[in-house]
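K.L.:
Quick one: sequence plus predicted model below, questions after.
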Amino acid sequence: MSTELIEPRDMNWIEKGVFGIEWSDGHKGVYPVRHLRLRCPCAGCTDELTGELRIKPDSIPLLIMLKDIEPVGRYALRLKWSDGHDTGIYTFSTLRRLCQCDICEPNKDKKAEKKASSRRLL
Ligand SMILES: [Zn+2]
Ligand SMILES: [Zn+2]
């Protein structure tokens, strides 16, 4: 495994509520913001020892918005949320792991595929 540090090269909104990060290795990351909020790495949201989530999805507003992004050193981003939460510091490696693109999360489209094939007649 390469230990080369990857970092965001470009950031933009793919669509409303879906944030995109283009990484220095050319990978285009896809991040639905609610998904990011639910996986906030701060001690209040995620147990630091077990990595277990402490927040309940129900406690996060459905239309949570990303209000601000602040670089932390050269290794992380601090995300500020519309629910007032701003203690989550997402390291680049964490962010990369949370990517929801079709390459990183290939199972995501399985359902859609199934639906399409069931429509086929014999
Ligand atoms: Zn948090
Ligand atoms: Zn990806």
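P.N.:
Okay, I see it. Residues are numbered from 1 along each chain as shown. Ligands and ions are numbered 1, 2, ... in the order given.

K.L.:
residues contacting Trp23?
P.N.:
Contacts of Trp23 were listed using C-beta atoms under 8 Å, 6 or more residues apart in numbering, and they are Ile6, Glu7, Pro8, Arg9, Gly29, Arg96. C-beta here means a position set from N, CA and C on the backbone, and glycine is covered the same way.

K.L.:
Equivalent analysis for Arg96, please.
P.N.:
When the contact criterion is C-beta under 8 Å, 6+ apart, the partners of Arg96 are Ile6, Trp23, His27, Gly29.

K.L.:
between those, which is closest to Trp13?
P.N.:
When the contacts of Arg96 are compared for distance to Trp13, the smallest value, 12.7 Å, is given by Gly29; criterion: C-beta to C-beta.

K.L.:
what would the contacts of Arg96 look like in JSON lines with distance to Cys45 and pLDDT?
P.N.:
Shown next, in JSON lines, are these (distance: C-beta to C-beta, whole Å; pLDDT from 0 to 100):
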{"residue": "Ile6", "distance to Cys45": "24", "pLDDT": "90"}
{"residue": "Trp23", "distance to Cys45": "24", "pLDDT": "97"}
{"residue": "His27", "distance to Cys45": "25", "pLDDT": "97"}
{"residue": "Gly29", "distance to Cys45": "20", "pLDDT": "98"}
